[in-house]
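1. Everything below, folded, please.
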Amino acid sequence: MKIIKSLVLGSAAALVAMSGAQAADLPVKAKAVEYVRICSLYGAGFYYIPGTDTCVKIGGYLRAEVNIHGGNGNAPYWSGDGGVNTRYENQYSDLSRFALTIDTRTATEYGVVRTFGQADFSFGTQGYGGGLSNSNVTTGNVLTGNTQNNYAGNGVLGVEYAFVQFAGFTFGKSASAFTTPWQGYPGNNTSYLVGGYDTITGINNVQYTAQFGNGVSASIGIDDSSASDYNRTQIVNAAVAGAASAPANTIVPSSANTASCALAMYGAASSNCTNLGTAYGGTQLPDLVANVRIDQAWGVFQVSGALHDVDPGYWSTANTLTNGNFLGGQAQTNAQNLGHPDSKVGGAVNVALQIKNLPTGVGDDFKIEGSWSLGASKYVLGTSAPLGGSFYMFGDGPTGSAGKLAIGAISDGVYSGGPGNSGVGGTQVQLTQGLGIRGAFNHNWSPEWSSSLFGGAAQLSYNNTSKAIWCASYVASGTTLTPGSTCNPGFTMSEIGLTTRWTPVKNLTFSSEVLYAYLHTDMSGGAIGTSSSAFPVQSGTAASPYIFGDKGTVSVNFRAQRNF
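-> Predicted coordinates:
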């Protein structure tokens, strides 16, 4: 019996050993590779890049919109062919845009290293938006409609942001430290809300932000001052054409085009007008900007400031803007020998407030900001798009008149004449002063419906010296003011609008916006000029005066946007 038991146990042990050996020879199943691994360090939507410790988030939006009696981005018809209402301006415009954003973050011993980029692929149509096109020569831009590559398969690629952040520093194309957290959008769709500053499409800069805890921070930075879309408007070299005090080398416009020169400082110059326009020199210094911000559960409070170098060219009028081309094709002969006006330091201040958790409803808030500028008018005029040399709007006027004319000159400063031109002393740059205010009340009717009532206003004013030399050029360029008229290039642009949104599902919003823009001009009386691009006769006769007065325009925007 013992012999049999031993044989059975021995056989069992042998089988177990053999089974173990065979099992050891079988291949072991490898652990599954995580191709997509969620990164929870920086919020929803981040994933680890395979094989790295860097997290990435891909996002963006797709937008389709149509604007009635306005340009893309619900731009009011406050200048160009829209301001004159010529048949070259489209009465509606449309835009489709695909924006792609890439956000990467990596934790290091120095803190998080972040890179961010946004590219916009746009395709749209818009009417001719340059100088007045009802002149005696119809340009190629008019014939093509000046569209944004309005041909099948074409489009426009734009880079909004491209920056890296490390240890509190930001390098690249990002929002200015001067702007508010909501930029130029306290509650609106329009990209043209005046009353503050806006770098929503980014500006090249270097800045440093210090966090002090409890939501208190401070930032300081330097911004590219040569970006005309943001930090420059124009310096007006108001050399008087044909007047006794004119520099010896002033180029007087031909008699056939004198009236066209009357609005040269408004971006409406003809090819034969060279005595007016932007006289900025090259950039010498970047804009220095800073802010102090408090972010709390109740809202946001911020104070920001900027210093801007107002650097003119030469006393010579050869460095003026003509027909959209710097120097106007005129030689700079002896320009440097004639000297130049002194550079001046301008600047701006902004105070902003956001109040959250209003008793009117969940998620409601109120935003408001006020700005002041001196020699830095873009800081109160807002918009991340060029504004041109002026606001100018035409319309029907009183019986017997040629029509109504509302104008307002946009500039950072004005100067005239100069030593060495003809022995006549020059007038140094006179800085233009600006005031601005804008804000919005945002209300949620339900989780799907919301509305925003918003508005803004910006005012530019000129001192007595600026008025004198500006008006002398205005008259000498072919304009006759009627008796009793007051010449003052200052103005106030005001806007008010209502936006309504419907969000049927998360991240998909349909919205509509009605915007009213109103130009109050400081000019009074009337003006007569030869029928031209500067004075398009709409009623009366060519000899009838235009009556200076205020004018408004209404635009409507419809938009569908899907965020992801």
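
2. so where's the stretch 451-564 of the chain shaky on pLDDT?
-> By pLDDT under 70, the low-scoring segments of the stretch 451-564 of the chain are 477, 530-543.

3. need the strands for it, in chain order.
-> For the stretch 451-564 of the chain, the strands defined by DSSP state E, counting those that start in this stretch cover 480-481, 491-505, 508-521, 526-528, 546-548, 551-563.

4. Can you tell me which of these is most buried?
-> strand 546-548 (a mean of 24; mean count of other CB atoms under 10 Å). In this view, the C-beta of every residue, glycine as well, is placed from N, C-alpha and C.

5. Which neighbouring elements make contact with that strand?
-> With contacts defined as 3 or more CB pairs under 8 Å, 6 or more residues apart in numbering; DSSP states H and E, strand 546-548 has these neighbours: strand 403-409, strand 526-528.

6. Identify the residues contacting it?
-> Outside strand 546-548, the residues within contact range by CB atoms under 8 Å, 6 or more residues apart in numbering are 394, 397-398, 401-407, 485, 521, 523-529, 535.

7. Buried ones among these?
-> Buried subset of these (neighbour count, 16 or more other CB atoms under 10 Å): 394, 397, 401-407, 485, 521, 523, 526-529, 535.

8. Can you tell me which of the helices and strands packed on strand 546-548 has the worst average pLDDT?
-> Among the helices and strands packed on strand 546-548, strand 526-528 carries the lowest mean pLDDT, at a mean of 88.

9. Would you give the sheet partners of that one, along with the direction of each?
-> When sheet partners are counted by DSSP bridges, strand 526-528 sits next to strand 480-481 (antiparallel), strand 546-548 (antiparallel).

10. Of all these, which one comes closest to V113?
-> The minimum distance between V113 and the strands paired with strand 526-528 falls on strand 546-548, with 57.1 Å, by CB to CB.

11. can you tell me how far G417 sits from R232?
-> From G417 over to R232 the distance is 23 Å, taken as CB to CB, to the nearest Å.

12. scratch that, G187
-> Counting by CB to CB, the gap from G187 to R232 is 28 Å.

13. Tell me which residues touch L498, please.
-> Counting by CB under 8 Å, 6+ apart, L498 touches 451-454, 513-514.

14. any idea which of those residues is closest to F441?
-> If you rank the contacts of L498 by distance to F441 using CB to CB, L453 comes first, at 5.1 Å.

15. If that closest one is in a bridge, with which residues?
-> Bridge pairing for L453 (DSSP bridges) gives the partners F441, L498.

16. L95: what's its closest spatial neighbour, skipping adjacent residues?
-> Closest residue in space to L95, ignoring its immediate chain neighbours: G124 at 3.4 Å, by CB to CB, 6 or more residues apart in numbering.

17. for the most centrally placed residue in the chain, helix, strand, or coil?
-> A centroid search over the chain (CA atoms, centre = their mean) returns S384, at 0.8 Å, as the residue closest to the centre. Counting by DSSP: H, G, I helix; E, B strand; the rest coil, the backbone at S384 sits in coil.

18. Quick check, it in contact with L193.
-> No. If you go by CB atoms under 8 Å, S384 and L193 don't touch, sitting 10.9 Å apart.

19. Name the residues contacting each of the two.
-> G184.

20. remind me which residues of the stretch 1-150 of the chain are low pLDDT?
-> Along the stretch 1-150 of the chain, the model assigns pLDDT under 70 to residues 1-35, 126-150.

21. how about the helices of it, start to end?
-> Ranges of helices in the stretch 1-150 of the chain, per DSSP state H, counting those that start in this stretch, are 2-25, 80-84, 140-144.

22. Kindly report the same for the stretch 251-400 of the chain.
-> 258-261, 378-381.

23. State the mean pLDDT of the last one.
-> Helix 378-381 shows a mean pLDDT of 95 in the predicted model.

24. could you say what helices and strands that helix packs with?
-> On a contact count with 3+ CB pairs under 8 Å, 6+ apart, helix 378-381 meets strand 344-355, strand 365-374, strand 433-444, strand 449-461.

25. let's see 10 Å
-> Counting by 3 or more CB pairs under 10 Å, 6 or more residues apart in numbering; DSSP states H and E, the packing neighbours recorded for helix 378-381 are strand 299-310, strand 344-355, strand 365-374, strand 433-444, strand 449-461.

26. got the contacts of L498 as a markdown table, with distance to R562 columns?
-> Formatted as a markdown table, those follow (distance: CB to CB, whole Å):
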| residue | distance to R562 |
| --- | --- |
| S451 | 21 |
| S452 | 20 |
| L453 | 25 |
| F454 | 23 |
| E513 | 18 |
| V514 | 23 |
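
27. Show the contacting residues for K378.
-> 197-198, 227-233, 308, 348, 384, 386-387, 410, 412, 434 (CB atoms under 10 Å, 6 or more residues apart in numbering).
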